[in-house]
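Asks: Give me the fold of what follows.
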Amino acid sequence: MKPLGPVPAGYGAIDGVLAVGGRKVTDLVAQADGTPLFVYSAAMLRERVAQLRAAMPQRLALHYAIKANPFVPILELFSELVDGYDIASGGELEIVTQAGIDPSIVSFAGPGKRDREIESAIGAGVTLNLESEAEAARAIAIAERVGKTPRLAIRVNPDFDLKGSGMKMGGGAKPFGLDAERVPALVREVIASGAEWRGFHIFAGSQALDAEAVADTQAQTLALAARLARESNAPLPHCNLGGGFGIPYFPGDEALDIDMVGEKLGDQFDNLPAELADTQFCIELGRYLVGEAGVYLATVIDRKESHGEVFLVTDGGMHHQLAASGNFGTVVRRNYPAAIATKFDAEPQEEASIVGCLCTPLDRLADKGHFPRADVGDTIAIFCAGAYGASASPAAFLGQGPALEMLV
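Replies: Modelled structure (predicted):
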């Protein structure tokens, strides 16, 4: 038997059935006309932002990194809750445009921006986070050709990373950003071009649960920003401190202490060097804002035994929840939080594996977990499905197609 990850706070039961937003998931499935289905809780999204606002210094703006979940109703909800958005492609630029988001509060990062993406961003008034000198030259040339003043920032590859992070985005050779020692020269070039100078984007890592590590990285980021501003001999209007806040997925994971992070960052803000006295600061968060507010629902279509093991075969799978299957950057496969949604408050009775409908042994959503007995027609739930689920999984694999999505 293998342990399951912790079910996030905020979920309950009605008549023994998992409830989201005060509604039984069976009712939500009926409304959607079936599964597989992602359900996102508006109340949990609002609560997460409120918790962050209470913990972080008032000076700190909050941006949503839409790569975590670009579902338009979520973007529209966040228009009431966040101060800006971060995108990473021309496709995401189209999404935020269609959602009616003000492009002046959008920034665009990514190491492989095509000329047409750069032109669209400049035309819309989005801030481009430049990833190299060559990208800067292309952006400046495109802006001259279209007769627009570009809004340009520089993404910095810091000489440190976020300790304990799931993905290290800085430190050493990286495809992301410009090595720190080369930044001042490019700052001067950008300003000399007549572009609107927007500052730095410094992102050292993601999916960290250690508050001390996050706080230490933020302190290093502020020190680096001050040094680069001083060496550039230019004011620093804005600095994106990155994100990196993680959520508990696996057995033994503990939630990030955001109160500690906020307190230590507040101390840093109270003692900023002169170069940062007038700088606007933000953090960009994706997974931390939306991850725990989403649940993936699938229906058991077969119950079978093989060599004494029980398999609950569902109409969902890794084509919608690649990360839960262990095939999205996980070295050792561990179980996400999972439950039999139609028997949410029942006691576990058996060991069973939850698998999908794809013809590959990789399609496993829970491995030998301890569950109440489930039969054909029961609904299963995979939690922590609000980030890097529907849009980060191979929905077209084997012609299965995308899952339904709903904000409640």
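
Asks: Grab the CA positions of the helix or strand harbouring Ile191 and hand them over as PDB.
Replies: Per DSSP states H and E, Ile191 falls inside helix 183-192. What follows is helix 183-192 as a C-alpha-only set of coordinates in PDB (Å, rounded to 0.1, in the frame of the first residue of the first chain):
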ATOM      1  CA  VAL A 183      22.800  42.900 -17.800                       C
ATOM      2  CA  PRO A 184      24.200  46.500 -17.100                       C
ATOM      3  CA  ALA A 185      25.400  46.900 -20.700                       C
ATOM      4  CA  LEU A 186      22.100  45.800 -22.100                       C
ATOM      5  CA  VAL A 187      20.200  48.100 -19.700                       C
ATOM      6  CA  ARG A 188      22.100  51.100 -21.100                       C
ATOM      7  CA  GLU A 189      21.500  49.900 -24.700                       C
ATOM      8  CA  VAL A 190      17.700  49.600 -24.100                       C
ATOM      9  CA  ILE A 191      17.500  53.000 -22.600                       C
ATOM     10  CA  ALA A 192      19.600  54.600 -25.400                       C
END
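
Asks: Find the least confident helix or strand in this protein, judged by mean pLDDT.
Replies: Ranked by mean pLDDT, DSSP states H and E, the weakest helix or strand in the chain is strand 167-168, scoring a mean of 48.

Asks: circling back: list the buried residues of the helix holding Ile191.
Replies: Val183, Pro184, Leu186, Val187, Val190, Ile191 (16 or more other CB atoms under 10 Å). Glycine gets a C-beta too; all of them are placed from N, C-alpha and C.

Asks: what's the next secondary structure element after that helix?
Replies: Next in sequence after helix 183-192, counting helices and strands by DSSP H and E, comes strand 196-202.

Asks: circling back: what's the distance between whichever helix or strand comes after the least confident helix or strand of the chain and the middle of its chain?
Replies: The element immediately downstream of strand 167-168 (helix or strand, assigned by DSSP H and E) is strand 178-179. Put simply, strand 178-179 sits 23 Å off its chain's centre (CA atoms, centre = their mean, to the nearest Å).

Asks: could you say what helices and strands strand 178-179 packs with?
Replies: Under the contact criterion of 3 or more CB pairs under 8 Å, 6 or more residues apart in numbering; DSSP states H and E, strand 178-179 touches strand 151-157.

Asks: Distance from the chain centre to the strand it packs on, please.
Replies: Its chain's C-alpha centre and that of strand 151-157 lie 20 Å apart, by CA atoms, centre = their mean.

Asks: helices or strands up against it?
Replies: Looks like strand 151-157 contacts strand 127-130, helix 133-146, strand 178-179, helix 183-192, strand 196-202 (3+ CB pairs under 8 Å, 6+ apart).

Asks: residues contacting Lys113?
Replies: Contacts for Lys113 (CB atoms under 8 Å, 6 or more residues apart in numbering) come out as Gly90, Ala121, Leu128, Glu131, Glu135.

Asks: Highest neighbour count among those residues?
Replies: Taking other CB atoms under 10 Å as the neighbour criterion, Leu128 ranks highest of the contacts of Lys113 with 28 neighbours.

Asks: is that residue in a bridge, and if so with what?
Replies: For Leu128, the beta-bridge partners are Phe108, Leu152 (DSSP bridges).

Asks: can you pull the contacts of it?
Replies: Taking CB under 8 Å, 6+ apart, we find Leu128 in contact with Ser107, Phe108, Lys113, Ile118, Ala121, Ile122, Ala139, Pro150, Arg151, Leu152, Ala153.

Asks: returning to what we had before: so which of the buried residues of helix 183-192 is the closest to Leu297?
Replies: The closest of the buried residues of helix 183-192 to Leu297 turns out to be Val183 (CB to CB; 46.4 Å).

Asks: How about the closest one, nearest residue that isn't a chain neighbour?
Replies: Leu228 (5.1 Å; CB to CB, 6 or more residues apart in numbering).

Asks: report the angle between the axes of the helix or strand hosting that neighbour and strand 151-157?
Replies: Here Leu228 is covered by helix 211-232, with elements defined by DSSP H and E. With axes from the mean of the first three to the mean of the last three CA atoms, to 10 degrees defining the directions, helix 211-232 sits at 120 degrees from strand 151-157.

Asks: which other helices and strands contact helix 211-232?
Replies: helix 183-192, strand 196-202, strand 238-240, helix 258-270.

Asks: which one of the ones you listed lies closest to Pro36?
Replies: That would be helix 258-270 among these, by CB to CB, at 31.7 Å.

Asks: That closest one - what's its average pLDDT?
Replies: Averaged over helix 258-270, pLDDT sits at 98.

Asks: Which residues belonging to it are considered buried?
Replies: Ile258, Val261, Gly262, Lys264, Leu265, Gln268, Phe269.

Asks: Ignoring the adjacent residues along the chain, who's closest to the last one?
Replies: Meaning Phe269. Sequence neighbours aside, Pro57 is the residue nearest to Phe269 in space, at 5.1 Å (criterion: CB to CB, 6+ apart).
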